[in-house]
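*Asks:* model this:
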Amino acid sequence: MSDSRGRRRPRTFLIGWVVLGAACLAVLIIWMLPSLLTRHPHIEAANDRHAAINGTRAVLVAALIAVGAVGSLAYAARTYRLSTRTLGISQQTYALTQRGQFTDRYTNAVAQLGDKDSLEVRLGGIYALERLMADGARDQPTILEILAGWIRERTTSLTPVPQRVSTDVQAALTVIGRRTPFDAERPIDLRRTILPKADLSGAHLENAILLYAHLERAFLRRIRLAGAFLGRAHLEGADLGQAHLEGAFFDEAQLQGADLSGANLQNARFYWAHLEGADLGDADLNGAFLDGAHLEGANLKGADLRSVKGLTQSQIDSAIVSERTKLPEGLNGPGEPSRSIS
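*Replies:* Below is the predicted model of the structure:
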């Protein structure tokens, strides 16, 4: 502190002397120079001489004011440039500091996630990663991959299959499902995960990979699974009511007894899927593919099947339909007369 004060004093004295010298010089110029400038040519009349001196003095004052104004502008411009440069450096320093703090928080959260002894520590790591996603959108895809990989590592080798998903895995699923998705994300990869009775109601899992996943009796109401891959997944007894399943792939999936009532299944694919006893009441199946699907005992009351592909009369006969079921041309409900395709 004393060294910095000692360095400032000579500079302060120098600036003071410069200002004092400039003031003295200005006084000399304004006071002495007009008399010198009006000496030649010689002016005889005293009044005329004083008028000439005053006029010259006024011109010099105006000139000094103009020089001072230009100097002030130059000084202000230099100060602005320095301020802008200082602000830029400060912003860079702040960004680097923030990034460093983010990296530390990220490292700590991942370390917490890997704790094998304490459920509370793992939960803290999961919610810390959620907070980091909220603070830095560009890191969201990486954090999602970490959470999905952690879920796979924790669940794919579970034997026997548990009755319910664990608390920490459920927390990670909740964090993934309630994020705000954006275009730069890659599909969430939860293939072969074992997640019985998991709660993913309303979750954002568009285009997710859930091949061979176990989601028996899971709570998936209003889930967003448009374009997702669920081939050979186990969804027996799952609640998929009013779910968004447009263009999803359910090839050979196990959906026995699942609730798909009111779901949007437009263009979804159910090649050889097991839908025995499933509830598809009021579901929108326009453009869906039902080639080889098992519909024995499936509730199709109120379902829209008008543009379904691959549906046969034998499938209709094995299902439960009503007068509200919208069937394709050429197919009819049990007990109804055959309708020709026109």
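
*Asks:* from here on, contacts and neighbour counts on C-alpha atoms
*Replies:* Fine.

*Asks:* pLDDT on the helix or strand hosting residue 57, on average?
*Replies:* Element membership for residue 57, per DSSP states H and E: helix 46-113. Helix 46-113 shows a mean pLDDT of 72.

*Asks:* so who does the closest residue in space to residue 278 that isn't next to it in sequence touch?
*Replies:* Closest residue in space to residue 278, ignoring its immediate chain neighbours: residue 257 at 4.2 Å, by CA to CA, 6 or more residues apart in numbering. The contact partners of residue 257, by CA atoms under 8 Å, 6 or more residues apart in numbering, come to 236, 237, 238, 275, 276, 277, 278, 279.

*Asks:* do you know how far residue 257 is from residue 120?
*Replies:* Distance, residue 257 to residue 120, by CA to CA, to the nearest Å: 36 Å.

*Asks:* Likewise for residue 276?
*Replies:* For residue 276, the distance to residue 120 (CA to CA) stands at 41 Å.

*Asks:* more crowded one of these two?
*Replies:* residue 276 (21 against 13; other CA atoms under 10 Å).

*Asks:* Next, that one: secondary structure please.
*Replies:* Assigned by DSSP: H, G, I helix; E, B strand; the rest coil, the conformation of residue 276 is coil.

*Asks:* Tell me if I'm right that it and residue 300 touch.
*Replies:* No - at 11.3 Å, residue 276 does not count as touching residue 300 under the criterion of CA atoms under 8 Å.

*Asks:* For residue 118, grab the count of nearby residues.
*Replies:* By other CA under 10 Å, neighbour count at residue 118 equals 11.

*Asks:* Oh, that last question was meant for residue 154, not what I typed.
*Replies:* Residue 154 has 15 nearby residues by other CA under 10 Å.

*Asks:* next one: residue 330
*Replies:* Neighbours of residue 330 (other CA under 10 Å): 12.

*Asks:* ok, now how distant is it from residue 58?
*Replies:* Distance from residue 330 to residue 58, by CA to CA: 107 Å.

*Asks:* now swap in residue 219 and tell me
*Replies:* For residue 219, the distance to residue 58 - CA to CA - is 91 Å.

*Asks:* Likewise for residue 248?
*Replies:* Distance from residue 248 to residue 58, by CA to CA: 88 Å.

*Asks:* More neighbours: which of those two?
*Replies:* residue 248 (24 against 14).

*Asks:* which parts of stretch 175-195 are buried?
*Replies:* Buried residues in stretch 175-195, counted by 16 or more other CA atoms under 10 Å: 175-177, 179, 187-195.

*Asks:* Could you list the low-pLDDT ranges of the chain?
*Replies:* Scanning the chain for pLDDT under 70 picks out 1-16, 18-19, 22-23, 25-50, 52-53, 56, 60, 86-102, 334-342.

*Asks:* So what's the residue count around residue 214?
*Replies:* Neighbour tally, residue 214, other CA under 10 Å: 27.

*Asks:* right, and it touches residue 198 too?
*Replies:* No - the criterion here is CA under 8 Å, and residue 214 misses it with residue 198 at 9.6 Å.

*Asks:* number of nearby residues for residue 199?
*Replies:* 22.

*Asks:* Please state the backbone phi and psi of the residue nearest the centre of the chain?
*Replies:* With distances taken as CA atoms, centre = their mean, the residue of the chain nearest its centroid is residue 137 (4.4 Å). The phi and psi values for residue 137, taken as degrees, to the nearest 10, are phi -60, psi -30.

*Asks:* for residue 234, same thing?
*Replies:* phi -100, psi 110.

*Asks:* how about the helices in the stretch 101-250 of the chain?
*Replies:* Applying DSSP state H, counting those that start in this stretch to the stretch 101-250 of the chain gives helices spanning 119-135, 140-155, 167-177.

*Asks:* Using TSV, please lay out those helices together with distance to residue 323.
*Replies:* Listed next are the helices of the stretch 101-250 of the chain as TSV, based on distance: least, CA to CA, whole Å:
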stretch	distance to residue 323
helix 119-135	48
helix 140-155	44
helix 167-177	38
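
*Asks:* So for residue 85, which of these sits nearest?
*Replies:* Of all the helices of the stretch 101-250 of the chain, helix 119-135 sits nearest to residue 85, with 27.1 Å by CA to CA.

*Asks:* to the chain's geometric centre, what's the distance from that closest one?
*Replies:* 16 Å (CA atoms, centre = their mean, to the nearest Å).

*Asks:* That helix packs against which elements?
*Replies:* Of the remaining helices and strands, those touching helix 119-135 by 3 or more CA pairs under 8 Å, 6 or more residues apart in numbering; DSSP states H and E are helix 46-113, helix 140-155, helix 167-177.

*Asks:* which other residues reach that helix?
*Replies:* Contacts for helix 119-135 (CA under 8 Å, 6+ apart): 102, 105-106, 108-115, 139-140, 143, 147, 168, 171-172, 175.

*Asks:* gap between the residue lying closest to residue 110 once chain neighbours are set aside and residue 106?
*Replies:* In space, and not counting its chain neighbours, residue 110 is closest to residue 125: 6.3 Å by CA to CA, 6+ apart. Distance check for residue 125 against residue 106: by CA to CA, it reads 9 Å.
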